[in-house]
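Undergrad: got a predicted structure plus its sequence, pasted below:
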Amino acid sequence: MDPDKFDKGYSYNIRHSFGKEGKRTDYTPFSCLKIILSNPPSQGDYHGCPFRHSDPELLKQKLQSYKISPGGISQILDLAKGTHYQVACQKYFEMIHNVDDCGFSLNHPNQFFCESQRILNGGKDIKKEPIQPETPQPKP
C-alpha cells in the first residue's frame with residue numbers, strides 16, 4: 001500500500017481513536033451492560049460478550065477447551081440461556097481462578113482483567129508502569 005494512501009485512509013483514524021487527533025477525546029470502553037444490550041457483532045467482527053453473542057454449542061466448545069469442568073459448563077450455559085450473562089461471566093471467573101465466591105459483581109471487561117491480575121498476583125494491586133517523560137532529563 002502506498003504510504004500516502006495509508007496516512008490518509010488509516011493513520012488519521014488510528015490517531016483519532018487514541019485521542020491524538022481531532023477532538024482529542026479519549027473514548028472510554030463500553031461496560032458489560034452496553035456490550036450486551038447494543039451493537040451486536042456482525043460477520044467478521046470479534047467484539048461482544050461471549051455469553052450473550054456466542055452460539056451455545058460454540059460457547060460449550062470454548063469452555064471445554066479452557067478446561068472447565070462439565071458441571072461448571074452446564075451451570076454457565078444454563079445462566080447464559082436464562083439471559084443472566086453477567087452472572088455466567090462471574091461464574092466463569094470463579095471457575096478459572098478456583099474461588100468459591102469472588103466477592104464482587106463483574107460490570108466491566110476491564111474489571112475482569114484487573115481482578116484477575118489481583119488474584120494472580122496474590123492480592124496485590126496491578127503494577128502501573130511509570131510514565132516516562134517525552135524528553136530525556138540530563139543527568140547531573
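TA: Nice, thanks for sending it over. This structure is a prediction, so every number in the text was calculated from the model and none was measured.

Undergrad: show me what the host helix or strand of residue 36 is packed against.
TA: Per DSSP states H and E, residue 36 falls inside helix 32-37. Contact analysis of helix 32-37 by 3 or more Cβ pairs under 8 Å, 6 or more residues apart in numbering; DSSP states H and E lists helix 85-97 as its packing neighbours. Every C-beta, even on glycine, is put in place using the N, C-alpha and C of the backbone.

Undergrad: so who does the residue nearest the centre of the chain touch?
TA: For the chain, residue 109 is the residue whose C-alpha lies nearest the centre (Cα atoms, centre = their mean; 4.0 Å). Each residue near residue 109 by Cβ atoms under 8 Å, 6 or more residues apart in numbering is listed here: 29, 32, 35.

Undergrad: per-residue pLDDT, it?
TA: On the pLDDT scale, residue 109 is placed at 92.

Undergrad: equivalent analysis for residue 116, please.
TA: Per-residue pLDDT puts residue 116 at 93.

Undergrad: try residue 42
TA: 85.

Undergrad: what's the answer for residue 47, then?
TA: Reading off the model, residue 47 has pLDDT 85.

Undergrad: over to residue 58?
TA: Here the pLDDT value assigned to residue 58 is 93.

Undergrad: likewise the one 4 residues further on?
TA: The predicted local distance difference test score for residue 62 is 94.

Undergrad: quick one: it and residue 50 touch, right?
TA: Yes: the criterion here is Cβ atoms under 8 Å, and residue 62 meets it with residue 50 at 7.0 Å.

Undergrad: okay then, goodbye and thanks.
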